[in-house]
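In: Pasting the sequence and the predicted model now:
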Amino acid sequence: MNAVRPNDNLRVVFAGGGTGGHLYPALAVAEQLAERSEQIESVFYCSTRPLDARILAEEGASFIAVPARPFSLRPVELASFVRTWSGVVRRCRRQLRQEAERNRVVVVAMGGFVSAPVVAAARKERLPVVLVNLDATPGRANKWVAKRSGVVLTAAEVGGFPAWKRIRPIVRWAAIADGDRPFCRRELGLDPAVNTLVVTGASQGARTINRLMMELIERRRGAFEGWQVIHQCGPVATAKDTLDERGIAAGYEKAGIRALVKPLFREMGRVFGAADIAIGRCGAGTVADAWANRVPCVFMPYPYHKDQHQRLNALPLEKAGCAVIVQDRIDAPANVADAGEVLIGLMADGAKRESMRDKLRELGPADGAGAVADAILACR
């Protein structure tokens, strides 16, 4: 098969989902492809989770929900995975065959459980596969997919896979600020002259970070004088979530702190563009957004991952002096005494924040999406 030429009709199938961390990088690559040619179309094979449909519908993207099951060694989950695997692969084969009847097709695996059956189907249909690894510790699906991919790119530092090609972070246009900090604050309805803290648990939110902030503004209200807050709190997932958007907004109002609170922001470029500092999880997407917008961060890795891959995602920024990684101790008072004090210290030290911002500039542009687009177009 010849290399994809500019005048070929190309259909790029992005396989991945379940979180915004898989979808937003795929959207970034799709933007790059659309810039290169009007004859390139993208479609997203995502999970059946409502979050995927909401994100992709808001972006105006074409998508197909794949009823894949996560792989797990737990007996019930493993049985469900085995029982449904063959049917899901067959369904993906039929869909890919239809795509290939009219277009040249390249499958791009973005990681996660959705990617595995799509790649299995692509192999059977003899379609080229590109894997994009986003985390510093590849999961089971990515390791499996890598062995079945013609090209493997990684946006994070990984060990033990010398053939994987390193690229810089992948960031979509909407996640890159379109102006300076005062402009971004004004566009978000905030005071352009006031220092701004961004709090984010990524697309699914982070209960422990939400609780930390409510405890922190109650115990250390004085540290927030001269500051306003943008807080992405995530959706209410379970009955245990006593803090929702309204509850968090009410907490800031009671403390007399100006705050903009939403479950999910679409305009993350302006959110990070408004920030003097941020605190949040360190999934690959959040690390990339901080890198692209030169925002100093206090990172609190998700505490329940055994491999602590979120910590490894953020480690290059900490080593470069651009961020601080603090353990999420789950208990709110313990987090106030640890992560809270680190955050307050940086809020009070403008010179330190500017030094961290300068070091972020030295890392170079977050241009990984373009590198992935180039690899797709070079597929044979």
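Out: Structure's in. What do you need? Numbers count the residues shown, from 1 in each chain.

In: Residue 121 falls within a strand, correct?
Out: No - Residue 121 is assigned helix when assessed by DSSP: H, G, I helix; E, B strand; the rest coil, not a strand.

In: For residue 246, grab the count of nearby residues.
Out: 10 (other C-beta atoms under 10 Å). Every C-beta, even on glycine, is put in place using the N, C-alpha and C of the backbone.

In: Equivalent analysis for residue 355, please.
Out: With other C-beta under 10 Å as criterion, residue 355 counts 14.

In: What sits closest to it if chain neighbours are left out?
Out: Sequence neighbours aside, residue 321 is the residue nearest to residue 355 in space, at 7.3 Å (criterion: C-beta to C-beta, 6 or more residues apart in numbering).

In: The one you found: neighbouring residues, count only.
Out: Residue 321 has 15 nearby residues by other C-beta under 10 Å.

In: residues contacting it?
Out: Taking C-beta atoms under 8 Å, 6 or more residues apart in numbering as the criterion, residue 321 is in contact with 355-356, 359.

In: helices or strands next to the worst-scoring helix or strand of the chain on mean pLDDT in the packing?
Out: When the helices and strands of the chain are scored by mean pLDDT, DSSP states H and E, helix 75-102 comes last with a mean of 87. Packing partners of helix 75-102 (3 or more C-beta pairs under 8 Å, 6 or more residues apart in numbering; DSSP states H and E): strand 10-15, strand 40-46, strand 104-109, helix 115-124.

In: for the protein, which spans come out with low pLDDT?
Out: Within the chain, the ranges that satisfy pLDDT under 70 run 1-8, 72-73, 77-78, 81, 203, 205, 236-242, 380.

In: Which parts of it are strands?
Out: Under the criterion DSSP state E, strands of the chain are mapped to 10-15, 40-46, 62-65, 104-109, 129-133, 151-154, 165-166, 195-200, 227-232, 259-262, 277-280, 297-299, 323-325.

In: Next, the angle from the fifth one to helix 115-124.
Out: Using axes from the mean of the first three to the mean of the last three C-alpha atoms, to 10 degrees, one finds that strand 129-133 and helix 115-124 are set 160 degrees apart in direction.

In: go on, the first one?
Out: Computed with the same axes, to 10 degrees, the direction of strand 10-15 lies at 140 degrees from that of helix 115-124.

In: what distance separates strand 10-15 from the centre of its chain?
Out: 19 Å (C-alpha atoms, centre = their mean, to the nearest Å).

In: Paired strands for it, with orientation please.
Out: strand 40-46 (parallel), strand 104-109 (parallel) (DSSP bridges).

In: buried set for the last one?
Out: Across strand 104-109, burial judged by 16 or more other C-beta atoms under 10 Å covers 104-109.

In: from the residues you listed, which single one is nearest residue 295?
Out: Minimum distance to residue 295 across these is 27.9 Å, recorded for residue 108 (C-beta to C-beta).

In: Who is the closest one paired with across the strands?
Out: residue 14, residue 130.

In: Which residues are in contact with it?
Out: 12-15, 26, 29, 129-132, 372, 376.

In: Looking at those residues, which one is closest to residue 256?
Out: Closest approach to residue 256 among those (C-beta to C-beta): residue 26, at 41.2 Å.
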